[in-house]
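Enquirer: here are the coordinates; sequence isn't available:
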């Protein structure tokens, strides 16, 4: 195995085995992607902040690898999720916007606006979920029968008292409400994520 191949991930090596010999240009692109993944890993772990990420990617740009800027943004966007905590979202948002300032053609205001939509969607998702849980919790606390569950033990059926949290999680109304909530918000989240991806790809 040649020296450069040792640095590649098992997945890349497997792909190479399937497609055969690649050009030196393709080889460099693959190595750049590996370096980018390593860089973003440092960022996710908190070893780099947005400014540190900006400095490292600025070096790539100065070396003629400006295409990695867009790739880094897309990877950061793909790492967003609907239920992520506010601090994690803010970290990725800062990274995406910092990278935008390195690009020749910048679209910071539109990008920021779409990221605001994602943030608002995440907030509504959590608030509605908490409100629905709170409403059902009040019902369960006010009606002890909703905490009773019949359980078979051999030939006998006994009634067990559940905690409020257990009763809510076993409640068919909660399960249906949760499934509908997840479906609705995941569809909207996917739509907005695709919008921000398109803004990055076409800029």
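Expert: Good, I have the coordinates. Because the structure is predicted, anything quoted here is derived from the model rather than measured. Residues are numbered from 1 along each chain as shown.

Enquirer: Show me the longest helix that occurs in this structure.
Expert: Taking DSSP state H as the criterion, the chain has its longest helix at helix 108-142.

Enquirer: Show me what it packs onto, helices and strands only.
Expert: Counting contacts by 3 or more Cβ pairs under 8 Å, 6 or more residues apart in numbering; DSSP states H and E, helix 108-142 is packed against helix 86-100, helix 164-170, helix 172-201. Backbone N, C-alpha and C define where each C-beta goes, glycine included.

Enquirer: most packed of the ones you listed?
Expert: By mean neighbour count, with neighbours taken as mean count of other Cβ atoms under 10 Å, helix 86-100 ranks first of the helices and strands packed on helix 108-142 at a mean of 19.

Enquirer: For the residue of the chain most remote from its centre, which residues are in contact?
Expert: Ranked by distance from the centre of the chain (Cα atoms, centre = their mean), the top residue is residue 155, with 48.6 Å. Applying Cβ atoms under 8 Å, 6 or more residues apart in numbering to residue 155 gives no contacts.

Enquirer: Let me know the pLDDT of it.
Expert: pLDDT, residue 155: 80.

Enquirer: next one: phi and psi at it?
Expert: Main-chain torsions, residue 155, degrees, to the nearest 10: phi -90, psi -10.

Enquirer: That one and residue 119, how far apart?
Expert: Using Cβ to Cβ, to the nearest Å, residue 155 is found at 56 Å from residue 119.

Enquirer: Same list, the helices and strands packed on helix 108-142, but as CSV with distance to residue 112 and mean pLDDT please.
Expert: Conversion of the helices and strands packed on helix 108-142 to CSV gives the following (distance: least, Cβ to Cβ, whole Å; pLDDT from 0 to 100):
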stretch, distance to residue 112, mean pLDDT
helix 86-100, 6, 96
helix 164-170, 38, 90
helix 172-201, 10, 94
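
Enquirer: So for residue 130, which of the ones you listed sits nearest?
Expert: helix 172-201 (11.0 Å; Cβ to Cβ).

Enquirer: the inter-axis angle of the closest one versus helix 108-142?
Expert: Per axes from the mean of the first three to the mean of the last three Cα atoms, to 10 degrees, the angle that helix 172-201 makes with helix 108-142 is 170 degrees.

Enquirer: Walk me through the domains of this structure.
Expert: If you go by automatic domain parsing, the domain ranges for the chain are 1-106, 115-203.

Enquirer: The residue found closest to residue 164 once you drop the neighbours it is linked to in the chain: how many residues sit nearby?
Expert: In this structure, residue 164 finds its nearest non-sequential neighbour in residue 140, 5.2 Å apart by Cβ to Cβ, 6 or more residues apart in numbering. Residue 140 has 21 neighbours, counted by other Cβ atoms under 10 Å.

Enquirer: Point to the residue nearest the middle of this protein.
Expert: residue 80 (2.6 Å).

Enquirer: Ramachandran angles for residue 84?
Expert: Dihedral angles (degrees, to the nearest 10) for residue 84: phi -70, psi 150.

Enquirer: these two touch, right, it and residue 122?
Expert: Yes: Residue 84 is within contact range of residue 122, at 7.0 Å (criterion: Cβ atoms under 8 Å).
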